[in-house]
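Colleague: need the 3D shape of this:
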Amino acid sequence: MIYNGKYKVSSPYGERNLNGIVAFHKGVDFVGLDSKEIVSPVNGIVKSSAIITDKSNLTWEWGNYIRIDTEDEHKLFFCHLSQRFVNVGQMVKKGDIIGVEGNTGYSFGSHCHFEARTKDNISIDPVIYLEKLKENDILTVEQAMKIVQENAMLDDNTMKYLSFYKYYDNLILKLAYAIK
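Modeller: Numbers count the residues shown, from 1 in each chain. A predicted model of the protein is given here:
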């Protein structure tokens, strides 16, 4: 989950009517009840950490936002934040505090608009994505390496040799999930 503690959904994923305008809501709006701190639900790398105020920019509605690219090749967006605690290029771990929910951009109260997209930038239901994370407990590359090495009985030299492969992280994750 993106909060440590209780939260509620203030606007779900899907079609909605907002002030008489019917549009597809590509994310879920969450409101923290115990805490307003936003945590990363996965390991990943920060690709954006910015506030957009220029209305000619298509993302201005998000205000203060963070994008994290995950090890499973998804893009996660955390929008309307009052504060950001991460910088572009920073590696984050599951559970790291990355910001604080807020009311920036095109917003009508404090919340975190959370979006999940595929590597091809296709929006998916973020609640289903978070449930999948919970069910599958997405592996880190390090965890995947251990699973592959132990189950395929590979020595350290072989693992080191494999690490030079351009798509090593993806290969190791795919092998680990296949073994699992």
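Colleague: which SS class is Q149?
Modeller: Three-state call for Q149 (DSSP: H, G, I helix; E, B strand; the rest coil): helix.
Colleague: does it touch M159 like I think?
Modeller: Yes. Q149 lies in contact with M159 (CB atoms under 8 Å); the separation is 5.5 Å. In short, each C-beta sits where N, CA and C put it, glycine included.
Colleague: quick one, what contacts G95?
Modeller: 4, 39-40 (CB atoms under 8 Å, 6 or more residues apart in numbering).
Colleague: quick check, pLDDT for it.
Modeller: We have a pLDDT of 91 for G95.
Colleague: just confirm it is within a strand.
Modeller: No. G95: not assigned to a strand; according to three-state DSSP it is coil.
Colleague: which residue comes closest to T70 once chain neighbours are left out?
Modeller: G44 (4.3 Å; CB to CB, 6 or more residues apart in numbering).
Colleague: the residue nearest to V148 when sequence neighbours are not counted in helix, strand or coil?
Modeller: Once flanking residues are discounted, V148 sits nearest to L175: 4.8 Å by CB to CB, 6+ apart. When classified by three-state DSSP, L175 comes out as helix.
Colleague: ditto for S10
Modeller: What three-state DSSP gives for S10 is strand.
Colleague: distance of the residue nearest to T70 from E71?
Modeller: 6 Å (CB to CB, to the nearest Å).
Colleague: those two: who's more crowded?
Modeller: A side-by-side neighbour count of G44 and E71, using other CB atoms under 10 Å, places G44 first with 24 against 17.
Colleague: quick one: pLDDT of that one?
Modeller: On the pLDDT scale, G44 gets 95.
Colleague: kindly report the same for the one 10 residues further on.
Modeller: pLDDT, the model's per-residue confidence, is 90 for D54.
Colleague: ok, it - contacts?
Modeller: With CB under 8 Å, 6+ apart, D54 has these contacts: W60.
Colleague: got phi/psi on it?
Modeller: Main-chain dihedrals, D54, degrees, to the nearest 10: phi -80, psi 110.
Colleague: and the most centrally placed residue in the chain, helix, strand or coil?
Modeller: Closest residue to the average C-alpha location of the chain: L76 at 3.2 Å, with CA atoms, centre = their mean. Under the three-state scheme (three-state DSSP), L76 adopts strand.
Colleague: follow-up on the earlier one: can you flag the buried ones in the contacts of G95?
Modeller: Buried members of the contacts of G95, counted by 16 or more other CB atoms under 10 Å: 39-40.
Colleague: which of the contacts of G95 lies closest to V141?
Modeller: Nearest to V141 among the contacts of G95, counting by CB to CB, is S40 at 15.7 Å.
Colleague: I'm done for today, thanks for sticking with me.
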